[in-house]
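>>> below are the sequence and a predicted model; questions follow.
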Amino acid sequence: MAHWDDGHGTLTVGAVAVPLEIAASYRARTRGLLGRDGIAGAMLLTPAASVHTFRMRFAIDVAYLDRNLRVLAVVTMAPGRLGLPRPRSRHVLEAAAGAMAGWGLRPGTTVRVDSLVDRS
């Protein structure tokens, strides 16, 4: 099972490369997309089995991933909603509503996550 730190990277869905923010610490996962007006790309919450959209300003696509980064389910959530925990979910991807369909991300798809490492 992969382990990531907070930071940035690339999400690969088939031939599509998407800018990725990684929220691996408790603090980063709790903050998530709160207070933002949108997101360019996606955010990976890890570990996570559910999300909520309370105090969010925009609708999001949510993909639940298993430990092998295979998509279990994709849902669109309006602000002010509570998502139910998904059995076998280990990671959650969030993106602007409609983005995931454009990337071809759907249940059964396996994604790749490449973390950018700061070597300075």
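All right, it came through fine.
>>> contacts for stretch 70-84?
With contact meaning CB atoms under 8 Å, 6 or more residues apart in numbering, stretch 70-84 is reached by 50-66, 86, 88-89, 97-98, 100, 105-111. Every residue, glycine included, has its C-beta placed from N, CA and C.
>>> mark which of these are buried, thanks.
In the contacts of stretch 70-84, burial by neighbour count holds for 51, 53, 56, 60-65, 86, 89, 100, 105, 109, 111, counting by 16 or more other CB atoms under 10 Å.
>>> determine which two of those residues are furthest apart.
Using CB to CB, the buried ones among the contacts of stretch 70-84 span at most 24.6 Å, a distance reached by Met56 and Thr109.
>>> mind listing the helices for this protein?
Along the chain, counting by DSSP state H, helices occupy 26-31, 99-103.
>>> show the average pLDDT along the last one.
Put plainly, it is helix 99-103. Helix 99-103 shows a mean pLDDT of 97.
>>> tell me what that helix is packed against?
Where contact means 3 or more CB pairs under 8 Å, 6 or more residues apart in numbering; DSSP states H and E, helix 99-103 is packed against strand 60-65.
>>> sheet-wise, list the partners of the strand it packs on with their directions.
Next to strand 60-65 in the sheet, as set by DSSP bridges, lie strand 71-77 (antiparallel), strand 91-96 (antiparallel).
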